[in-house]
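Asker: Below are the sequence and a predicted model for it; my questions follow.
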Amino acid sequence: MEWWQDAVVYQTYLRSFADGDGDGVGDLPGLTARLPYLHSLGVDAIWLNPCYPSPQRDHGYDISDYLDIEPAYGSLMHFDELVAAAHRMGIRVLMDMVANHCSIEHDWFRAAVAAGPGSPERARFHFADGRGVEGELPPNNWQSVFGGPAWTRISEQNGTPGQWYLHSFDSGQPDFNWRNEEVTGYFDEVLRFWYDRGVDGFRIDVAHGMFKAESLADWPGADDGTGGHNFDMWDQPEVHGVYRRWRSIADGYTPKKYYVGEVWVPNFERLATYLVDDELHQAFSFDLLVQPWDASAFRAAIERGTDQARATGRMPAWTLSNHDVHRAVTRYGQQQDLSAPLPHDMLASARRTGPVDVTLGIRRARAAVMLQLALPGSKYLYQGEELGLPEVFDLPDAARQDPIWLRSGGAQLGRDGCRVPLPWTSQGENLGFSTAGTSGRAWLPQPDWFAGFTVASQESDPDSTLSLYRRLIARRREFFPANAPLEFLELPAPDTFAFRRGAGICVINFGTALVQIPREWKIRQAMSSDQNVEGDAHIVPSNSAAWILTERVPPHPSASGADGVWQDSPSPQLQQTAG
Ligand code: BGC
């Protein structure tokens, strides 16, 4: 089995992870110095959000140079040191490849603006004349994902209003024209540059992007203002040619390199077209992330994920959180309207509001990660989730930086609240985020209550969320062998479900009542997400999950009713602990 099929990958939002030079912004030396923390957490790989030079209009997703490191984060030398140190600890390093768009400060875009209409420089992007008498209207009605028109007009060199350029996201992020061969060739070089430095793979940003319908015609369908429904902007057939090309580059290395795509498409049939042998290795499954706290919704999402795995031969890359959505603790601590239609994209799922019951949210987030880590497939964890951090809603308006906040004139909170720098210690500069002698305040202010969630305090507390994560990651394969298939077990309790993989069983209780595990399960070992569980491992309290190793395996779900045949467990662990 390939390493990525069952890996735990830790998403590092570099800017907010650890600040090694005291300027209030996280950086590569800060991350390298904290690698032992990630090693002790037990992760197999890290994914770095973009760390290339960028004016930071979208915090690195607007790249001005694909072949260097953002000076605020360090240098290529620091990057090489990070990769070497991570590899020494057996941790793989994934970068973020943003190829749908670059920054308006990229040399190619500056050259395009300077060169004028019809030039080869403009042909690398989507420039078009405006509509209306004076070209004063955008070329079509497409909307940016971040709100507002997906086109911005430039001034030509002589100062007159000129052509418009397409940006699926912020106006600082012009979309490349992937039908231009120079663009294709450029990204081949970019991939090789980082692979030659030892990078193990890439997370591909908006992997369903890149190509737009060639006509650039008006989108006739309803548009919700996020651009998300406009299929002429996304998921065009030509994009598969790019992944075939990128895959052959990845396969040319020993060991082979890896791709996981951020692919937002309307159904699994579309997703499967990316997950073929000569394209992407994996795609994120956001299906769990967008579910409300509800047993049948979670179960259905897992069923869809495992169906997808059967159909494609690739395990999903499960995730419950990332830098684009409100933190899990907050989502699970809010009232959720189960009848509301599901948000169709993750940016929408970051827009939920309402009072938050943090204690409840933490209980549920602990249970949810226990479920996630028991699933077949890789598990992506977003930094700070292991501390049980809630979303920061109380950021001063003036501190907010997300283009979603700025473009919506403050109507949408955006994503700053999940990007606040991590609290490491209750004392120290920026709660230990920055080195001593720091002159800079953390780039997003940490609220005072962050001091209650520090790494240091949680390390010394066996019941903390951090300690739970460490235990779970350390023991997950003992309970759930990498290649063991998932089978649901029937439990006579509402608002709950259970599944087994190998000798391990995961039970998760979404409801308010205690769930009683059948006595016949003869529990050998159990772990709980609930720090208060003592004594009876046959009880799964409300809003908690349990991992169980049984002496004997419950009947296969297809066995008929209560007369199913119990089998002695084949698990080596059980044999060791038996008797
Ligand atoms: C990233 C976002 C980013 C956007 C534009 C998304 O997929 O996860 O953080 O703003 O792409 O690059």
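Answerer: Received the coordinates, thanks. Numbering: from 1, shown residues only.

Asker: So which bits of this protein are right by the ligand?
Answerer: Neighbours of the ligand within the chain, by C-beta under 6 Å from any ligand atom: 58, 61, 98, 169, 205, 206, 262, 323, 324. Glycine gets a C-beta too; all of them are placed from N, C-alpha and C.

Asker: separation between the first one and residue 445?
Answerer: Residue 58 is 20 Å from residue 445, where distance means C-beta to C-beta, to the nearest Å.

Asker: Looking at the two, which has the bigger crowd around it?
Answerer: Set residue 58 next to residue 445 and count neighbours by other C-beta atoms under 10 Å: residue 58 wins out with 23 against 18.

Asker: So that one sits against residue 401, correct?
Answerer: No. Applying C-beta atoms under 8 Å, one finds residue 58 not in contact with residue 401, separated by 9.4 Å.

Asker: So what's the residue count around residue 401?
Answerer: By other C-beta under 10 Å, 18 other residues sit near residue 401.

Asker: Kindly report the same for residue 206.
Answerer: 21.

Asker: Quick check: the closest residue to residue 219 other than its chain neighbours vs the ligand, distance?
Answerer: In space, and not counting its chain neighbours, residue 219 is closest to residue 230: 4.3 Å by C-beta to C-beta, 6 or more residues apart in numbering. Between residue 230 and the ligand the computed distance is 16 Å (C-beta to the nearest ligand atom, to the nearest Å).

Asker: Also residue 514?
Answerer: Computed with C-beta to the nearest ligand atom, the distance linking residue 514 and the ligand is 39 Å.

Asker: State the pLDDT value of that residue.
Answerer: The per-residue pLDDT reported for residue 514 equals 93.

Asker: contacting residues for it?
Answerer: If you count contacts by C-beta atoms under 8 Å, 6 or more residues apart in numbering, residue 514 has them with 539, 540, 541, 542.

Asker: Let me know the closest of these to residue 116.
Answerer: Closest approach to residue 116 among the contacts of residue 514 (C-beta to C-beta): residue 542, at 65.9 Å.

Asker: Distance-wise, check the nearest residue to that closest one once chain neighbours are set aside relative to residue 550.
Answerer: Leaving aside its sequence neighbours, residue 542 sits nearest to residue 512 (C-beta to C-beta, 6+ apart; 4.8 Å). Separation of residue 512 from residue 550 (C-beta to C-beta) stands at 26 Å.

Asker: Just want to know which of the two has more residues nearby.
Answerer: The neighbour comparison of residue 512 against residue 550 (other C-beta under 10 Å) goes to residue 550, with 23 against 10.

Asker: Is the more buried one bridged to anything, and to what?
Answerer: Residue 550 has the following beta-bridge partners by DSSP bridges: residue 523.

Asker: Just confirm it contacts residue 518, I think it does.
Answerer: No. Applying C-beta under 8 Å as the test, residue 550 and residue 518 come out as separate, 9.8 Å apart.

Asker: how about residue 399, what does it touch?
Answerer: Shown in contact with residue 399 (C-beta under 8 Å, 6+ apart): 416, 444, 445.

Asker: Give me the pLDDT for it.
Answerer: Residue 399 is given a pLDDT of 95.

Asker: Got the phi and psi for it?
Answerer: Torsion angles at residue 399 (phi, psi; degrees, to the nearest 10) stand at phi -90, psi -20.

Asker: Could you do residue 544 as well?
Answerer: Taking degrees, to the nearest 10, you get phi -140, psi 170 for the backbone angles of residue 544.

Asker: Would you mind giving the contacts of residue 514 as JSON lines with distance to residue 189 added?
Answerer: Formatted as JSON lines, the contacts of residue 514 follow (distance: C-beta to C-beta, whole Å):
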{"residue": "539", "distance to residue 189": "58"}
{"residue": "540", "distance to residue 189": "53"}
{"residue": "541", "distance to residue 189": "55"}
{"residue": "542", "distance to residue 189": "55"}
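
Asker: Rank these by pLDDT and give me only the lowest.
Answerer: residue 539 (90).

Asker: Name whatever forms a beta bridge with it.
Answerer: Note on residue 539: beta-bridge partners residue 516, judged by DSSP bridges.

Asker: residues touching it, list them.
Answerer: Residues near residue 539 by C-beta under 8 Å, 6+ apart: 514, 515, 516, 517, 533.

Asker: roughly how far apart are it and the ligand?
Answerer: Distance from residue 539 to the ligand, by C-beta to the nearest ligand atom: 40 Å.

Asker: Same question for residue 267.
Answerer: For residue 267 relative to the ligand (C-beta to the nearest ligand atom), the value is 19 Å.

Asker: Could you measure from that residue over to residue 307?
Answerer: From residue 267 to residue 307 the distance is 12 Å (C-beta to C-beta).

Asker: between the two, who's got more neighbours?
Answerer: Shown here are residue 267 and residue 307; by other C-beta under 10 Å, residue 307 has more neighbours (11 against 8).

Asker: Shouldn't the more buried one be within a strand?
Answerer: No. Residue 307: not assigned to a strand; according to DSSP: H, G, I helix; E, B strand; the rest coil it is helix.

Asker: If we ignore the residues flanking it in sequence, what's nearest the residue in the chain that the ligand sits nearest to?
Answerer: Here the residue of the chain nearest the ligand is residue 61; by C-beta to the nearest ligand atom that distance is 3.3 Å. Distance criterion C-beta to C-beta, 6+ apart; nearest residue to residue 61, sequence neighbours excluded, is residue 98 at 5.4 Å.

Asker: mind listing what's buried in stretch 418-432?
Answerer: For stretch 418-432, burial by neighbour count (16 or more other C-beta atoms under 10 Å) applies to 418, 419, 420, 421, 422, 423, 424, 428, 429, 430, 431, 432.

Asker: thinking residue 395 is in contact with residue 446, fair?
Answerer: No. Taking C-beta under 8 Å as the definition, residue 395 is not a contact partner of residue 446, at 9.8 Å.

Asker: any shared contact partners between these two?
Answerer: Contact criterion C-beta under 8 Å, 6+ apart; residues shared by residue 395 and residue 446: residue 420.

Asker: Quick one: classify the spatially most central residue of the chain as helix, strand or coil.
Answerer: Closest to where the C-alpha atoms of the chain average out (C-alpha atoms, centre = their mean) is residue 322, at 4.0 Å. Under three-state DSSP, residue 322 falls in the coil class.

Asker: State the distance from the closest residue to residue 495 other than its chain neighbours to residue 355.
Answerer: If the residues on either side of it in the chain are set aside, residue 495 comes closest to residue 511, at 2.9 Å by C-beta to C-beta, 6+ apart. Distance, residue 511 to residue 355, using C-beta to C-beta: 21 Å.

Asker: out of these two, which sits in the busier spot?
Answerer: Taking other C-beta under 10 Å, residue 511 and residue 355 do not tie; residue 511 has more neighbours (15 against 7).

Asker: Isn't the more buried one up against residue 540?
Answerer: No. Contact criterion C-beta under 8 Å: residue 511 and residue 540 do not qualify, at 10.0 Å.

Asker: what do those two both touch?
Answerer: Here residue 511 and residue 540 have residue 496 as joint contacts, going by C-beta under 8 Å, 6+ apart.

Asker: Next one: the closest residue to residue 402 other than its chain neighbours from residue 203, what distance?
Answerer: The shortest distance from residue 402 to any non-neighbouring residue, by C-beta to C-beta, 6+ apart, is to residue 414 (3.3 Å). Note on residue 414: its distance to residue 203, by C-beta to C-beta, is 21 Å.

Asker: residue boundaries of the strands in the stretch 251-400 of the chain?
Answerer: In the stretch 251-400 of the chain, the strands defined using DSSP state E, counting those that start in this stretch lie at 258-261, 282-285, 317-319, 378-382.

Asker: Include distance to residue 151 and mean pLDDT when you put the ones you listed into CSV, please.
Answerer: Below are the strands of the stretch 251-400 of the chain laid out as CSV (distance: least, C-beta to C-beta, whole Å; pLDDT from 0 to 100):
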stretch, distance to residue 151, mean pLDDT
strand 258-261, 26, 98
strand 282-285, 29, 95
strand 317-319, 32, 97
strand 378-382, 32, 98
